[in-house]
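need a 3D model of the sequence below.
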Amino acid sequence: MSSPASSARPDIAGPGIPTYRDLAGKTALVTGGSGGIGAETARWLAHNGVRVTVTGRDAAKLDAVLRSLVSISPGHAVLRADCAILADLEAARADFIRRERKLDILMAFAGGGESRPGPLEEVTEAAWRSSLDNNLTATFLTLKVFGASLKQDGGGAAITMASTAGRAPSPAPLGYGVAKAGIIHLPQQAAQEFGPAGVRVNCISPSAILTDRTAAHMPPAVQEQVAASHPIRRLGSPADIAAMALFLASDSAGWVTGATLDVAGGRLMH
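Residues are numbered from 1 along each chain as shown. This next block holds a predicted model:
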């Protein structure tokens, strides 16, 4: 599903959105972009003149994201794909290359899983595998499939999505934390391998982000408690992560690779 192609590009970003003029005219793929951080980042990219393709598993949500993107600028597309399934990603890559021919920016943001917080001995094998498959394996497969396009096309930027749960023990589900720890290591390995081809690979590690899904499952009183646990006394927003993602995708981060940036309101400091 895509909008009509056009050479028209906005000269400036939307209100409150930074402008990176080197991004204009580039192409991007955002996995896990049917809502939350991924959808917000896709919109910020569109405001910077990037042609964006978004993947996700929910067709209705993808259509809503596409409508929001084409209201900013033309030339965007969405693709249904489960990033934990290699065949889905290979089909998505073939479709992307048919339309765009070249990939400049890869945002590997897909995540999820069925696990819930609890003691290690109570974590089921199914929950463990779900966390690893939907987070770490999905990120690995995305870099495996689309990293080749970045290298072949002569350079670009790839960004993965971790979590403070992967930095230190937390109340998050065990499998989720372990998977996110792997996602922190994975870009370091990829950065070494992709660097000679001109490709930078970095990772964003957020703390508590107030997405629509978080707001629906976290009562206001709990939101206040979590916000108070951060030196900057608020929860993060998808816009906070989109801002970092755009910086890492731009030439302003041209000397940054293999890094994990904690966008965590000071809750985690290194």
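
is it true that Ala249 touches Leu29?
No. Contact criterion CB atoms under 8 Å: Ala249 and Leu29 do not qualify, at 11.5 Å. All C-beta spots, glycine's among them, are computed from the backbone N, C-alpha and C.

intersection of neighbour lists for those two?
Shared contacts of Ala249 and Leu29 (CB atoms under 8 Å, 6 or more residues apart in numbering): Ile105, Met107.

pLDDT weak spots in the stretch 101-250 of the chain?
Residues of the stretch 101-250 of the chain meeting the criterion pLDDT under 70: 113-115, 215.

can you give me the helices for the protein?
Ranges of helices in the chain, per DSSP state H, are 36-47, 59-70, 86-100, 125-131, 138-152, 174-194, 212-217, 220-228, 238-249.

take those and lay them out in CSV including distance to Thr260 and mean neighbour count.
Converted to CSV, the helices of the chain look like this (distance: least, CB to CB, whole Å; neighbours: other CB atoms under 10 Å):
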stretch, distance to Thr260, mean neighbour count
helix 36-47, 16, 26
helix 59-70, 27, 17
helix 86-100, 23, 16
helix 125-131, 19, 17
helix 138-152, 13, 21
helix 174-194, 5, 20
helix 212-217, 22, 11
helix 220-228, 22, 12
helix 238-249, 11, 22
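
how about those in TSV, adding distance to Ile159?
Supplementary listing: the helices of the chain in TSV, determined by distance: least, CB to CB, whole Å:
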stretch	distance to Ile159
helix 36-47	9
helix 59-70	18
helix 86-100	17
helix 125-131	21
helix 138-152	11
helix 174-194	8
helix 212-217	21
helix 220-228	25
helix 238-249	5
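
out of the ones you listed, which comes closest to Leu106?
helix 138-152 (5.0 Å; CB to CB).

surely Asn135 meets Phe109?
No. Counting by CB under 8 Å, Asn135 does not reach Phe109; the two are 10.5 Å apart.
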